[in-house]
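Peer 1: Dropping a prediction and its sequence here:
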Amino acid sequence: MVKTVPGLIMERSRLIVFKAAPQAVVLRAGRHLAWLGAVGTLWGGTLSSALAQGVVSDPASLAATTALSPAQGAPVVMALQSANGLNAQDSALLDRLISETEYWLAQHQFKHAQDTVNRALDIAPQNAQALLLLGSAQKGLGDLAGAENTLARMESTGASQDMRAALRDVIAANPVDPERLAQARALAAAGKMLQAAMAYKALFGNGPPPQDLALEYYTVLGSTILGYQEAVARLQEWLKRNPADLDAQLLYYRILTYREASRLLGLDGVKKLAQADVSPRIRRQAYDAWRQALLWTAIRGSSVPLYYEWLTQHPNDAEIADRLAKAREEQKRIDADTARIDGYSHLNAGRVDEARRALSRHWPIMPRMRRPSAV
């Protein structure tokens, strides 16, 4: 078996997405999914060219630590749901404008971000997430007075303490050292996730990550044995503050698929995103996460419905079809063993008719076995 190691592909500056590849093999530009180009951080720095390439690990090594319980991984409210009393159409438009604003911020296009989020605020003037993004765009433009006014606006409209604190952090944030950030990203791209996580922590002064680097950091943290639980907890907190953040939802559910104990919960989340009325980029990434999780899923009878569901939408996926066939064969072997055990149990108890029925289910699968003469 080819060994794989953790690695990354940057799809935007705020989100790193894992792919699978053999150790020391670099995924070239043709493998990029919807490169959205954000280079650097919101306040400074450049994207290491190493992050334009990546490799990934099978997350089986993460299973050694305590598994996430279903209660801990309760599904996050989808951004598709109506919020703030808006009708479904306005709510969907609001979510889309917020997503576009996040994209422009990641691109360092602060004026575009400001214009876009102002359109969102025309729909929902008191939306705390939109106000946070407006303040971030203003900080990026160097308009500290405007950002302070936006903070005051958040306070007057009753935004949560967490949201106000997030904007205060943005306003107070110092520029991130671009060289140290590039070093942390290079470590992550090389698959050295523990060292990368430590480099990020040191970069942030062992404090919380800046808003624009949080998801990038949680992606790295979530791929480490020691940081997995913290990443999940931080993402849950993030989604309580930012329920419309589809990138965070996708990352949260993707990380849940890394461990067998929470894989089904993660699969359910990425499937909903893949089939939801969201941007093509989110759907594409969710489908990728869905398929990767299936490749991590053990080939056994209980996996048959999971493979079959994927193949109903992707009938030409030979790799998943092969796993489905193997899972069915595995289930047949289990059924044969069960029938044989039941048959001989009935036979030993003198229940000949029951034994004959049980063993008749066993024989077609194991045709070379000799029938017991007593039957």
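Peer 2: Yes, it's here.

Peer 1: How much space separates residue 304 from residue 298?
Peer 2: 12 Å (C-beta to C-beta, to the nearest Å). C-beta: built from backbone N, CA, C; applies to glycine.

Peer 1: can you check residue 205 too?
Peer 2: Distance, residue 205 to residue 298, using C-beta to C-beta: 42 Å.

Peer 1: Also residue 332?
Peer 2: Distance of residue 332 to residue 298, computed by C-beta to C-beta: 16 Å.

Peer 1: Looking at residue 205 and residue 298, which is more packed in?
Peer 2: Per other C-beta atoms under 10 Å, whichever of residue 205 and residue 298 has more neighbours is residue 298, with 12 against 8.

Peer 1: Can you tell me the SS state at the more buried one?
Peer 2: coil (DSSP: H, G, I helix; E, B strand; the rest coil).

Peer 1: Which parts of the chain are strands?
Peer 2: Applying DSSP state E to the chain gives strands spanning 9-12, 15-17.

Peer 1: Residue ranges in the stretch 51-200 of the chain under the pLDDT threshold?
Peer 2: The model of the stretch 51-200 of the chain has pLDDT under 70 over residues 51-84.

Peer 1: What ranges does it have for its helices?
Peer 2: 88-106, 110-123, 128-140, 144-156, 161-172, 178-189, 193-203 (DSSP state H, counting those that start in this stretch).

Peer 1: out of these, which comes closest to residue 280?
Peer 2: Closest of the helices of the stretch 51-200 of the chain to residue 280 is helix 88-106, at 11.9 Å (criterion: C-beta to C-beta).

Peer 1: tell me the angle that closest one makes with helix 128-140.
Peer 2: Relative orientation of helix 88-106 and helix 128-140, computed by axes from the mean of the first three to the mean of the last three C-alpha atoms, to 10 degrees: 30 degrees.

Peer 1: Going by mean pLDDT, which of the strands of the chain comes out lowest?
Peer 2: Here those differ in mean pLDDT, and the lowest is strand 9-12 at a mean of 37.

Peer 1: mind checking how far residue 284 is from residue 93?
Peer 2: 21 Å.

Peer 1: again with residue 240
Peer 2: Look at residue 240 and residue 93: by C-beta to C-beta, they are 23 Å apart.

Peer 1: Tell me which of those two has more neighbours.
Peer 2: Legend: neighbour count by other C-beta under 10 Å for residue 240 and residue 93, higher for residue 93 (16 against 12).

Peer 1: How about the contacts made by that one?
Peer 2: Neighbour list for residue 93: residue 123 [criterion: C-beta atoms under 8 Å, 6 or more residues apart in numbering].

Peer 1: Report the separation between it and residue 201.
Peer 2: On the measure of C-beta to C-beta, residue 93 and residue 201 end up 38 Å apart.

Peer 1: count of neighbours near residue 225?
Peer 2: 14.

Peer 1: Let me see the backbone angles for it.
Peer 2: Phi and psi for residue 225, reported as degrees, to the nearest 10, are phi -60, psi -50.

Peer 1: Wait, residue 159 touches residue 131, no?
Peer 2: Yes. Under the criterion of C-beta atoms under 8 Å, residue 159 makes contact with residue 131 at 6.5 Å.

Peer 1: What's the local residue count around residue 245?
Peer 2: Residues near residue 245, counting by other C-beta under 10 Å: 23.

Peer 1: tell me the contacts of it?
Peer 2: The contact partners of residue 245, taken as C-beta under 8 Å, 6+ apart, are 79, 98, 102, 129, 238-239.

Peer 1: any idea which of those residues is closest to residue 176?
Peer 2: Comparing the contacts of residue 245 against residue 176 with C-beta to C-beta places residue 102 closest, at 17.9 Å.

Peer 1: Against residue 132, how distant is the closest one?
Peer 2: With C-beta to C-beta as the criterion, residue 102 and residue 132 are 10 Å apart.

Peer 1: quick one: which of the helices of the stretch 51-200 of the chain is nearest residue 354?
Peer 2: Comparing these by C-beta to C-beta, helix 193-203 comes nearest, at 55.7 Å.

Peer 1: Can you name every helix or strand that the closest one contacts?
Peer 2: Under the contact criterion of 3 or more C-beta pairs under 8 Å, 6 or more residues apart in numbering; DSSP states H and E, the helices and strands touching helix 193-203 comprise helix 178-189, helix 214-222.

Peer 1: Correct me if wrong: residue 297 contacts residue 263.
Peer 2: Yes. Contact criterion C-beta under 8 Å: residue 297 and residue 263 qualify, at 6.6 Å.
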